[in-house]
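Colleague: Sharing a sequence plus its predicted fold:
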Amino acid sequence: MSSDKEQHQHNPTAQEMEHHKYDAEKQIKRNPHPDFKSVEASRPDWPEENKWHYTKVRNPDWKLGDGANDKGESLQKEHIEIDPYAEGRPAVSNYKLLISAIIPRPVGFVSTRSKDGKSTNLAPFSYTQLVNHDPPVFVIGYAGGMDNAKDSLKNLTETGECVLNIISEHFIEAANSTSINAPYGVSEWALSGLTPAPCTQVKASRVKEAIFAAECKLMNTQEFESRATPGKKTGVLAIVEGVRFWAREDAINEDKNLIDPAILKPIARLGGITYSRITEGFEIPRPDWEENKELVDKLAKPKVDGQ
């Protein structure tokens, strides 16, 4: 005979789990504007004239030992110490702080397919990064634990496959639309209007509009537990290996080892609901010890504790 607890235990449905996720999203309050469309209407139009170009570094005459290029201005400011686990400090405050400080971040646009092949998922994740090249290794961070896994994570762990698409300017609105709180089972592909294209090593589709995409295989995962609320699972790190790359022909060089940023036009994630364009860059070579021998002989000192 089952206990009263077992008789009344309720296993949440997929729909209920999705509803819980979106309730949590509303509590975060990423959007600071009660009427966003009115705020947007007051801003200048998208500047088409902002084309990719190179500039000099801020101080082309900088040399070893010169320090910051702001003439000491930053040293006149003091800092505030923040304890992430201070009494009364909610975890969401750390979330908001970190996504506004660790910027810009690439946005991994992850496409997956369910194990039975009957369902797909397409979603953007700004906890995404490249961490190695041989083998090609990427990391993707998912909010929540395995017991309440998002469709993307569930598909990835069950099939061991995904496609990592890089978001560019020409489909930012479509990519953002896939984060909509649609009812369970609704296709993000259909809502976004984006085009699925076949892969060769994984069953999930890549985004044809993406200038660069990587077919990936799951290497391993790690689940994280809350420090503030012991026992609560707050995130999962997925480590994936790139096994095939797709690059648009007009963006890749002849040696197939360099993507043109003027064509890629990647979008970066900032804090809140803010994104950024990358329209200019500069080049700065790594310094060489021998080429700077005169200066390093004057500056070089042993490493010391507390430095």
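Modeller: Perfect, I can see it now. Fair warning: this is a prediction, and the values are worked out from it, not measured in the lab. Numbering: from 1, shown residues only.
Colleague: Any idea which residue is closest to the centre of this protein?
Modeller: Nearest to the mean C-alpha position of the chain, counting by C-alpha atoms, centre = their mean, stands Ser126 at 2.0 Å.
Colleague: beta partners for the nearest residue in space to that residue that is not next to it in sequence?
Modeller: Leaving aside its sequence neighbours, Ser126 sits nearest to Arg269 (C-beta to C-beta, 6 or more residues apart in numbering; 3.9 Å). Using the backbone N, CA and C atoms, a C-beta is placed for each residue, glycine as well. Beta-bridge pairing for Arg269 (DSSP bridges): Arg105, Tyr275.
Colleague: And Arg269, how close does it get to Asp70?
Modeller: Between Arg269 and Asp70 the distance is 26 Å, computed by C-beta to C-beta, to the nearest Å.
Colleague: Please say which of the two ends up with more neighbours.
Modeller: Neighbour totals were compared for Arg269 and Asp70, and Arg269 leads with 23 against 11 (other C-beta atoms under 10 Å).
Colleague: these two touch, right, the more buried one and Tyr275?
Modeller: Yes - using C-beta atoms under 8 Å, Arg269 is in contact with Tyr275, at 6.0 Å.
Colleague: Mutual contacts of the two, please.
Modeller: Val107 (C-beta atoms under 8 Å, 6 or more residues apart in numbering).
Colleague: which residue ranges form the strands in this protein?
Modeller: 53-54, 105-106, 108-113, 120-125, 128-133, 136-143, 161-166, 196-197, 206-207, 212-225, 233-247, 267-269, 275-277, 280-281 (DSSP state E).
Colleague: Wait, Ser168 touches Ala268, no?
Modeller: No - applying C-beta under 8 Å, one finds Ser168 not in contact with Ala268, separated by 11.2 Å.
Colleague: returning to that earlier point: return the residues in contact with the residue nearest to the centre of the chain.
Modeller: 99, 105-108, 269 are the contacts of Ser126 under C-beta under 8 Å, 6+ apart.
Colleague: thinking again about what came up before, mean neighbour count, the strands of the chain: which tops it?
Modeller: strand 108-113 (a mean of 27; mean count of other C-beta atoms under 10 Å).
Colleague: what distance separates that one from the centre of its chain?
Modeller: Taking C-alpha atoms, centre = their mean, to the nearest Å, the mean C-alpha location of strand 108-113 is offset from the chain mean by 12 Å.
Colleague: got it, and stretch 258-267?
Modeller: 17 Å.
Colleague: what's around the residue lying closest to Leu191 once chain neighbours are set aside, how many residues?
Modeller: Leaving aside its chain neighbours, Leu191 sits nearest to Ser177 (5.7 Å; criterion: C-beta to C-beta, 6+ apart). Residues lying near Ser177 (other C-beta under 10 Å) number 17.
Colleague: same thing with Asp305?
Modeller: Going by other C-beta under 10 Å, the residues that sit close to Asp305 add up to 4.
Colleague: Ok, Leu75 next?
Modeller: 10.
Colleague: Then the one 10 residues further on?
Modeller: Other residues lying near Tyr85 total 9 when counted by other C-beta under 10 Å.
Colleague: Ends of stretch 264-284, what's the gap?
Modeller: Stretch 264-284 has an end-to-end distance of 21 Å (criterion: C-alpha to C-alpha, to the nearest Å).
Colleague: Contacts made by that stretch with the rest, please.
Modeller: So stretch 264-284 is contacted by 30-32, 50-57, 96, 99-101, 103-107, 126, 166-170, 172, 175, 211-212, 251, 261 (C-beta under 8 Å, 6+ apart).
Colleague: Since that was my last question, I'll sign off now.
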